[in-house]
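**Q** quick one, fold the following:
(chains A, B, C and D)
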There are 2 protein chains.
Amino acid sequence: MGKERVSIYRIAEEAGVSPATVSRVLTGNANVSDEKRMRVEELIQKYDFRPNAMARGLSSTQSKIIGLLVPDIRNPFFAMMAVECERAASNKGYILLVSNSMSNMELEEYHLQKMFEQRVDALILMGGKVDELVSDEEYVEKMNQISDSIPVVITGKLDGSDCYQVNIDEAQATDRLMEYLISNGHRKICIMGGRKDVNSTYAKRIRYRSNLRKYGIPIQAEYIVETQGYSLECGYEAMNNLFDSNLELPSAVIAINDFTALGIVQSIRQHSYRIPEDISVVSFDNTFIADTCTPRLTSIGYNYDLFGDTLVETAISAIEGNNPPRLQLIPPELVIRESCRNIMQ
Amino acid sequence: MGKERVSIYRIAEEAGVSPATVSRVLTGNANVSDEKRMRVEELIQKYDFRPNAMARGLSSTQSKIIGLLVPDIRNPFFAMMAVECERAASNKGYILLVSNSMSNMELEEYHLQKMFEQRVDALILMGGKVDELVSDEEYVEKMNQISDSIPVVITGKLDGSDCYQVNIDEAQATDRLMEYLISNGHRKICIMGGRKDVNSTYAKRIRYRSNLRKYGIPIQAEYIVETQGYSLECGYEAMNNLFDSNLELPSAVIAINDFTALGIVQSIRQHSYRIPEDISVVSFDNTFIADTCTPRLTSIGYNYDLFGDTLVETAISAIEGNNPPRLQLIPPELVIRESCRNIMQ
DNA sequence: TATCTTGAAGAAATCGGTTTCGCCTATTAT
DNA sequence: ATAATAGGCGAAACCGATTTCTTCAAGATA
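**A** Next comes the predicted model:
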């Protein structure tokens, strides 16, 4: 057991060349005579030799690893992003190292440390402190410090930071959703879920208001519903509360994400209303949940493929010293399913 | 920009000690005088110094990385496992490197290569070829080869392999599910989804049969329904087919996993039957899907916490040269929700 | 008192690659 | 014909840690 580990030296010796030449064959960034190249390649084949990434990284001062920090990979949205980023990274010869912060500052810190120890070439940060509106001085400071040694790509706003931003176009997404609902005759529209101190939520509400204004629909404050989190339970409770109030029921509810939508749907059902006949429900994100629940949800998502590509390519571009754009927007994609009714018919 | 990277040498110089001493402070496996230790620790603090994992790994021939290969992290089951394994690995000072094979042999091979290049200390394999019943000679050979240089932990059977096995106790899970259904008066029970050449599915069917036999219920071959995959669509189609056949409808359907259950539920609804009043549906795995769909599904899952711990601890134990058990079973946990009715009342 | 341990710490080798430097040879330009 | 350039390749330095040797001093044992 434990076969002798073959190294570049072993290959060099057997091929009758210097280790440098083997390295040249490996990296491909120097000329080697066809004859020697062949001999080396044969031996590489024979021993199924793979260069030690640690040694390679150490000497080249490039780990070829990109770190991705997400709050929780069990959230389908982040799982999706992880898969897309992995694909994009692999295509460029990079490895993606994913860690979960579990929305916990200490764990986040821990994983950032570990990633730094691995000397990741770049960092992609999704969610976490970054997504909250208040740019905690300290946090910005920290990000800038990291950003000082490696490129950091974030998906959210962080005022005063040197990070590259790749954002979902929340504004456009909200516009589309509102236009769709309004063109289907809805005027009593509720936007439910999320905290206003979270950037993306804040942006959506701003846009929600401006759309109502644009179409001359009065804004009703009670139709903007705050929840503490973004879970099914939050949606469920919020909708229950709406039922319990004396408020006139909305004809359509916009859920802040698919999870929340799930809770809203449950609440509506329990109150013996039908979807979409009595109340329409639409949501943000369009994860697989929207496609697999009953009824299937009309939801506005993003081109996740493109999102992943953009994140990774921005990171790599920055690693290579090119100057990728500081801010990029990912356009939304509305997917119409069965949870919204045209109430004019 | 780009602060000077502090290394052990820099620390050593400023502290007036040798690099070896700094290393001793870092690893903690050798004695250093309190005085020098303090001086070094202060400087580590001052520069926020973190040792370069590549250099450390290279010299210690331990990467402190455990590789986890899953088919697709977007599947909540694997997302769950990834989170649990990451937690367990972090607790032991290891990093978890997750990759997705996307059930594609070439991609699987690619990622295995990459992990080898990183010199992961151990490998945890979930799903993939490993889960198929037919132990392809070549595949076993390959696994044994890997297993020859580092510990490999798999969650499935692979006859003739040297890998460590940590299996879900499918047999016991099926027993529990069947006992529950039968004690609720069900006798026309259908088990739906999955391919018989997949180990875990095979094991479930074996047990399905033996349970029926045990309770003196005749086995009806048509109630054992094969599907090509494990998706929602597969469940949906399979259940539609059942409706289309002249077969007497079962009073309960066991779905091979939560996704399939979702499809089965959709089909049943579309045929205007109610769950659980007309047909009961239960499933394997108990991912969050079972808890968030309508109606919430009675499902048998596993102690994922324990599962993750066991996988990682087995790997680490093997890394350290201890001799962990070759085969371990994770007991199931039945979670009763609203999708199954007692038909005797 | 002489000898044996044990603790502390530096020098230097090592891990396995990449990269710089310099040398030699074969073209190509002048 | 000669200088300039480029290709091929080995020697050796280097990346940043760990670890093995050694040395030396101090405390324990005979």
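
**Q** okay, now the domains of chain A?
**A** With domains defined by automatic domain parsing, chain A comprises A:8-51, A:65-169+A:304-331, A:170-301.

**Q** mind checking the end-to-end distance for the shortest one?
**A** Spelled out, that is domain A:8-51. Its start and end residues considered, domain A:8-51 measures 8 Å (CA to CA, to the nearest Å).

**Q** any idea of the mean pLDDT in it?
**A** Throughout domain A:8-51, pLDDT has a mean value of 94.

**Q** that one: how far from the chain's middle?
**A** Taking CA atoms, centre = their mean, to the nearest Å, the mean C-alpha location of domain A:8-51 is offset from the chain mean by 40 Å.

**Q** so, in contact with chain B or not, whichever strand or helix holds A:Glu233?
**A** When secondary structure is defined by DSSP states H and E, A:Glu233 falls within helix A:232-244. Yes - Helix A:232-244 reaches chain B (CB under 8 Å from any CB of the partner chain) through A:Leu232. For every residue, glycine as well, the C-beta is placed using N, CA and C.

**Q** just how off-centre is that helix within its chain?
**A** Centre to centre, stretch against its chain (CA atoms, centre = their mean), the figure for helix A:232-244 is 27 Å.

**Q** spell out the residue ranges of the strands in the stretch 151-300 of chain A.
**A** Using DSSP state E, counting those that start in this stretch, the strands found in the stretch 151-300 of chain A span residues A:152-154, A:164-168, A:189-192, A:224-225, A:252-255, A:280-285, A:298-302.

**Q** tell me which of those strands sits most buried.
**A** Mean neighbour count (mean count of other CB atoms under 10 Å in any protein chain shown) peaks for strand A:252-255 among those, with a mean of 30.

**Q** that strand close to chain B?
**A** No - remark: strand A:252-255 sits outside contact range of chain B, by CB under 8 Å from any CB, the gap being at least 13.3 Å.

**Q** any chance of the domains of chain A in JSON lines, with distance to DNA strand C too?
**A** Shown next, in JSON lines, are the domains of chain A (distance: least, CB to the nearest atom of the strand, whole Å):
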{"stretch": "domain A:8-51", "distance to DNA strand C": "3"}
{"stretch": "domain A:65-169+A:304-331", "distance to DNA strand C": "12"}
{"stretch": "domain A:170-301", "distance to DNA strand C": "39"}
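
**Q** nearest to B:Phe259, of those domains?
**A** Closest approach to B:Phe259 among those is made by domain A:170-301 (7.6 Å; CB to CB).

**Q** if I look at the residue nearest the centre of chain A, how far off is B:Asn144?
**A** In chain A, the residue lying closest to the centroid (CA atoms, centre = their mean) is A:Met81, at 4.7 Å. Distance from A:Met81 to B:Asn144, counting by CB to CB, to the nearest Å: 36 Å.

**Q** same question for A:Arg207.
**A** Taking CB to CB, one finds A:Arg207 at 58 Å from B:Asn144.

**Q** the more surrounded of those two?
**A** The residue with more neighbours, out of A:Arg207 and B:Asn144, is A:Arg207; 19 against 15, by other CB atoms under 10 Å in any protein chain shown.

**Q** now do the buried residues in stretch A:336-345.
**A** Buried positions in stretch A:336-345, judged by neighbour count with 16 or more other CB atoms under 10 Å in any protein chain shown: A:337, A:339-341, A:343.

**Q** check whether that stretch contacts chain B.
**A** No - shown here: stretch A:336-345 not in contact with chain B (CB under 8 Å from any CB), separated by at least 11.4 Å.

**Q** how about the helices of the stretch 201-345 of chain A, start to end?
**A** Under the criterion DSSP state H, counting those that start in this stretch, helices of the stretch 201-345 of chain A are mapped to A:232-244, A:258-270, A:288-292, A:304-319.

**Q** summarise which helices and strands the longest one is packed against.
**A** Taking 3 or more CB pairs under 8 Å, 6 or more residues apart in numbering or on different chains; DSSP states H and E as the contact definition, the neighbouring helices and strands of helix A:304-319 are strand A:65-70, helix A:76-91, strand A:122-125, strand A:152-154, strand A:164-168, strand A:327-330.

**Q** partner strands of the helix or strand following the longest one, parallel or antiparallel?
**A** Past helix A:76-91, further along toward the C-terminus, the next helix or strand under DSSP H and E is strand A:95-100. Strand partners for strand A:95-100, identified by DSSP bridges, are recorded as strand A:65-70 (parallel).

**Q** quick one: average confidence on the partner strand?
**A** Across strand A:65-70, the average pLDDT comes to 98.

**Q** what about A:Glu222, neighbour count?
**A** Neighbours of A:Glu222 using other CB under 10 Å come to 12.

**Q** nearest spatial neighbour of the residue of chain A found nearest DNA strand D, skipping sequence neighbours?
**A** Of all residues in chain A, A:Asn31 sits closest to DNA strand D, with a separation of 2.4 Å (CB to the nearest atom of the strand). Using CB to CB, 6 or more residues apart in numbering or on different chains and skipping residues adjacent in sequence, the residue nearest A:Asn31 is A:Arg24, 7.6 Å away.

**Q** now A:Arg205
**A** A:Arg205's closest residue in space is A:Ile224 (CB to CB, 6+ apart), at 6.0 Å.

**Q** any idea how far that neighbour is from A:Arg207?
**A** 12 Å.

**Q** ditto for A:Asp136
**A** When CB to CB is the yardstick, A:Asp136 and A:Arg207 sit 25 Å from each other.

**Q** ditto for A:Glu338
**A** Computed as CB to CB, the A:Glu338 to A:Arg207 distance reads 25 Å.

**Q** ok, A:Ile289 next?
**A** Going from A:Ile289 to A:Arg207 by CB to CB gives 23 Å.

**Q** got it, and A:Glu320?
**A** A:Glu320 sits 36 Å away from A:Arg207, going by CB to CB.

**Q** now do A:Asn240
**A** To A:Arg207, A:Asn240 is 26 Å away according to CB to CB.

**Q** which of the residues in the helix or strand of chain A with the lowest mean pLDDT are buried?
**A** Ranked by mean pLDDT, DSSP states H and E, the weakest helix or strand in chain A is helix A:137-149, scoring a mean of 89. For helix A:137-149, burial by neighbour count (16+ other CB under 10 Å) applies to A:139-140, A:143, A:146-147.
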